[in-house]
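Chemist: sequence first, then the predicted structure:
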Amino acid sequence: MLKSTFLCLQLSLLSVVTFGQHQSTSTLFYYSDCSIAPTDQKQMLQSNLQKIGVDNIRSIQIKGYCDDVGTAEHSDSLSQERAENMKYYLSKLGVVEDLVERSAGMGEIALDPESPKSIEEQRSFNRRVDIEITYVKVQPQVERKVLRTASKPKTLNLATKPNEPFIADSAQVGDIIRLKNILFVGGLDIFLEESYDELHELLMFMRKNETVEIRILGHVCCTAKSTPKSDEYDRKQELLGRTELSKLRAIAVYNFLLEYGIDEDRLSYKGLKGDFPLGGPVMYDRRVEIEILNR
């Protein structure tokens with residue numbers, strides 16, 4: 001029988017920031033010989049997922065455990081059931097199955113003779129599932145305003161003229177021009193260092209041609225069917241059926257131009273996901289193009 005003060009009715013949430021991402025470990029506790037989490041535990045997990053945002057999740061690992069009561073074979077089976085049942089429950093909460101990188105039963109946890117906790121307290125703590133979630137924080141987007149920039153625009157020498165402008169002044173309405181050197185960190189909307197010369201040239205073009213209106217087209221690499229492991233984030237965006245990353249890459253350029261005085265009425269943006277790969281190295285699929293809308 002569980003005591004009313006028993007700590008198993010608590011759910012722990014630990015968060016740390018690593019490499020721009022966040023990690024959260026949620027622990028759910030179970031009744032003896034039961035593979036389904038108690039309702040209150042599932043409710044607390046659901047609340048935590050709402051705080052994180054299901055769309056912000058990048059990966060999940062699930063580990064099930066048992067106490068030392070019963071045979072090792074039974075503990076292995078029960079811990080695996082707990083992990084698999086939790087994976088199913090997460091799918092009901094909207095978590096894409098492919099985001100669960102591991103769902104494993106870890107078997108029983110032996111009693112610690114040196115622990116200050118009683119035997120019952122130890123066993124109650126050992127009957128659990130740990131859910132390790134890696135996620136990112138995404139700020140809400142506000143249309144037609146200066147949107148969030150993933151990286152602060154680099155200070156440019158605006159007096160410097162590009163040596164070889166990449167956009168011909170004769171570009172016509174309907175032309176789509178690939179910005180060959182505006183590239184991004186894999187899985188993010190952060191410019192690579194070599195992008196700023198080309199951003200400078202785009203800025204100069206927009207300043208010189210004051211009536212030109214453009215649509216900024218953002219792309220990600222890969223598709224759900226063909227995905228290099230090096231751009232796992234992009235693949236997960238596709239699995240989620242979202243255009244967010246490709247859109248955010250277009251927004252990064254949009255923000256840059258706004259920061260340097262280009263009127264927002266001359267700019268628009270669109271995310272095209274990974275629907276238009278170039279067929280070469282994946283870094284070149286993480287790109288931006290511009291479409292001339294008006295001159």
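Modeler: Looks like it arrived, so ask away.

Chemist: please make it C-alpha for all contacts and neighbour counts, starting now.
Modeler: OK.

Chemist: measure stretch 25-44 end to end?
Modeler: Start to finish, the residues bounding stretch 25-44 are 13 Å apart (Cα to Cα, to the nearest Å).

Chemist: now stretch 87-99
Modeler: Taking Cα to Cα as the measure, stretch 87-99 stretches 10 Å from start to finish.

Chemist: who are the contact partners of the residue nearest to Met206 when sequence neighbours are not counted?
Modeler: By the measure of Cα to Cα, 6 or more residues apart in numbering, the closest residue to Met206 outside its immediate chain neighbours is Val212, 6.8 Å from it. Listed by Cα atoms under 8 Å, 6 or more residues apart in numbering, the contact set of Val212 reads Met206, Arg266, Ile292, Leu293, Asn294, Arg295.

Chemist: am I right that Ala110 sits in a helix?
Modeler: No. Assignment of Ala110 by DSSP: H, G, I helix; E, B strand; the rest coil gives coil, placing it outside any helix.

Chemist: got the phi/psi numbers for Ile131?
Modeler: phi -120, psi 110 (degrees, to the nearest 10).

Chemist: got the confidence number for the residue nearest to Met206?
Modeler: Note on Val212: pLDDT of 92.

Chemist: ranking by neighbours, what's the top pick from the contacts of Val212?
Modeler: Taking other Cα atoms under 10 Å as the neighbour criterion, Met206 ranks highest of the contacts of Val212 with 20 neighbours.

Chemist: surely Tyr269 is in a helix?
Modeler: No. Assessed with three-state DSSP, Tyr269 is strand; it does not lie in a helix.

Chemist: next, count neighbours for it.
Modeler: As a burial measure, Tyr269 scores 22 neighbours (other Cα under 10 Å).

Chemist: from Phe276, how far out is Gly70?
Modeler: According to Cα to Cα, Gly70 and Phe276 sit 56 Å apart.

Chemist: so what's Ser24 bridging to?
Modeler: Here Ser24 sits in beta bridges with Ser15, Ile133, going by DSSP bridges.

Chemist: and for it, the neighbour number?
Modeler: Taking other Cα under 10 Å as the neighbour definition, Ser24 ends up with a count of 20.

Chemist: wouldn't it be in contact with Val136 here?
Modeler: No. Taking contacts as Cα atoms under 8 Å, Ser24 lies outside contact range of Val136: 10.6 Å.

Chemist: what segments of the stretch 1-150 of the chain are helices?
Modeler: Secondary structure of the stretch 1-150 of the chain (DSSP state H, counting those that start in this stretch): helices located at 39-52, 72-92, 119-126.

Chemist: buried residues in the longest one?
Modeler: Put plainly, it is helix 72-92. Applying a neighbour-count criterion of 16 or more other Cα atoms under 10 Å, one finds 75-87, 89-90 buried in helix 72-92.

Chemist: what residues does it touch?
Modeler: 33-37, 62-68, 97, 100, 103-108, 129.

Chemist: just the angle between it and helix 39-52, please?
Modeler: Using axes from the mean of the first three to the mean of the last three Cα atoms, to 10 degrees, one finds that helix 72-92 and helix 39-52 are set 50 degrees apart in direction.

Chemist: and helix 72-92, how far out from the chain middle?
Modeler: Per Cα atoms, centre = their mean, to the nearest Å, the displacement of helix 72-92 from the mean C-alpha position of its chain is 26 Å.

Chemist: what does the first one give?
Modeler: Mean C-alpha position of helix 39-52 versus that of the full chain (Cα atoms, centre = their mean) differs by 19 Å.

Chemist: now for it, which elements pack on it?
Modeler: strand 21-29 (3 or more Cα pairs under 8 Å, 6 or more residues apart in numbering; DSSP states H and E).
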